[in-house]
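Colleague: One predicted model, sequence on top.
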Amino acid sequence: MKSSRRMGNVSRVVVKIGTSSLMHSNGKLNLQAIDQLSYTLTGLVNEGKQVILVSSGAIGAGMGQLGLTTRPEEITKQQALASIGQSELMTVYQQRFATYGQKISQVLLTHDVLDYPQSREYVHNTIEQLLDWGVIPVVNENDTVAVDELDHRTTFGDNDQLSAIVAVRSHADLLIMLSDIDGFYTGNPHKDPHAQLIKELHQVTDDSLKRAGGAGTVFGTGGMATKLKAAANILNHNQMMVLANGANPSIIFNIMNGEEIGTLFIAENNNEESDDDGIIK
Ligand SMILES: Nc1ncnc2c1ncn2[C@@H]1O[C@H](COP(=O)(O)OP(=O)(O)O)[C@@H](O)[C@H]1O
Ligand SMILES: N[C@@H](CCC(=O)OP(=O)(O)O)C(=O)O
């Protein structure tokens with residue numbers, strides 16, 4: 001594959017992986033994908049890069065543990081499932097990353113923590129310290145406590161947007177969003193056989209959002225619309241995002257080598273500074 005994208009200067013990268021890439025459709029964890037992800041991200045750290053992983057999968061893994069095939073609608077059940085699944089996920093990550101000698105940590109966030117300047121500062125400092133130590137922070141929403149009340153917003157909505165907020169806040173050079181599809185197409189390829197992969201997008205317009213119909217899978221929440229919202233946030237801050245297929249997470253190496261994989265979201269004027277904090281109010 002030709003290497004034509006400039007990724008040589010990328011030193012801090014946020015990787016987001018969705019539930020569909022971490023789990024088989026039978027509800028079991030996809031150990032091969034998790035192992036490859038651990039190997040690949042450790043490889044990047046060994047090259048001297050700083051890596052933050054935003055991982056979904058807590059609710060999905062919890063469903064798998066209890067043998068549930070449909071996601072319960074009750075918030076309490078979802079939160080209890082996340083509580084079961086998050087610890088299972090971290091156990092598996094811990095084991096796999098340890099195989100490659102990589103230290104990881106768990107960072108569970110809620111929206112309000114990033115709304116308040118002081119708690120935001122603490123999160124920022126903690127993540128900076130972890131990166132400085134060569135640790136990979138594994139970030140997820142704190143699903144067990146995140147519920148929206150009228151005057152108090154704790155949820156991010158989905159991890160696509162959480163990953164963009166983390167990338168913006170941490171001034172990452174690149175957000176790699178791994179999904180169950182090769183990139184952003186002119187229409188949903190599962191419905192439109194003529195849909196074409198869009199290799200590069202400079203702006204998320206109403207037209208792009210119209211092309212991103214439908215919800216995600218039974219275990220996850222996102223869908224393409226939330227990925228585009230995340231991309232819009234990234235573009236607003238003159239950062240870059242690559243949306244690619246997470247079936248083989250070692251594809252991250254190819255992306256970092258500048259290969260034309262998936263969809264690259266990049267502003268035309270990629271050099272201008274932006275100073276707001278990337279939090280969607
Ligand atoms: N224009 C589009 N291009 C690509 N995928 C699309 C588009 N519109 C809708 N989709 C759907 O979005 C899905 C990806 O979102 P999702 O299932 O939430 O992934 P993940 O679980 O990896 O976060 C695709 O599998 C596809 O069904
Ligand atoms: N925080 C939730 C994930 C929510 C989410 O956005 O899921 P996905 O669409 O799979 O990225 C969990 O860990 O189950």
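Modeller: Alright, I've got the coordinates. Ligands and ions are numbered 1, 2, ... in the order given.
Colleague: The nearest residue to residue 180 once chain neighbours are set aside: neighbouring residues, count only.
Modeller: In space, residue 180 comes closest to residue 20 once its chain neighbours are excluded; the distance is 4.0 Å by Cβ to Cβ, 6 or more residues apart in numbering. C-betas here are computed from N, CA, C, even on glycine. Here the count is done by other Cβ atoms under 10 Å, and residue 20 has 25 residues near it.
Colleague: Please pull up the helix or strand immediately following the helix or strand hosting residue 20.
Modeller: Element membership of residue 20, judged by DSSP states H and E, is helix 19-22. Using DSSP H and E, the helix or strand that directly follows helix 19-22 along the chain is helix 31-46.
Colleague: Just give the number of residues close to the residue nearest to residue 114 when sequence neighbours are not counted.
Modeller: Nearest non-adjacent residue to residue 114, counting by Cβ to Cβ, 6+ apart: residue 120, 5.0 Å away. Per other Cβ under 10 Å, the neighbour tally for residue 120 reads 17.
Colleague: And residue 120, which helix or strand is it part of?
Modeller: Per DSSP H and E, residue 120 falls inside helix 117-132.
Colleague: do the helix or strand immediately after that helix in the chain and ligand 1 meet?
Modeller: Scanning forward in sequence from helix 117-132 by DSSP H and E, the next helix or strand is strand 136-141. No - shown here: strand 136-141 not in contact with ligand 1 (Cβ under 6 Å from any ligand atom), separated by at least 13.3 Å.
Colleague: about what we covered before: I'd say the residue nearest to residue 180 and residue 178 touch.
Modeller: No - counting by Cβ atoms under 8 Å, residue 178 is not a contact partner of residue 20; they are 9.4 Å apart.
Colleague: what distance separates stretch 100-118 from the middle of the whole chain?
Modeller: 13 Å (Cα atoms, centre = their mean, to the nearest Å).
Colleague: swap that for stretch 236-252, please
Modeller: Using Cα atoms, centre = their mean, the offset of stretch 236-252 from its chain centre is 9 Å.
Colleague: I am finished for the moment; much appreciated.
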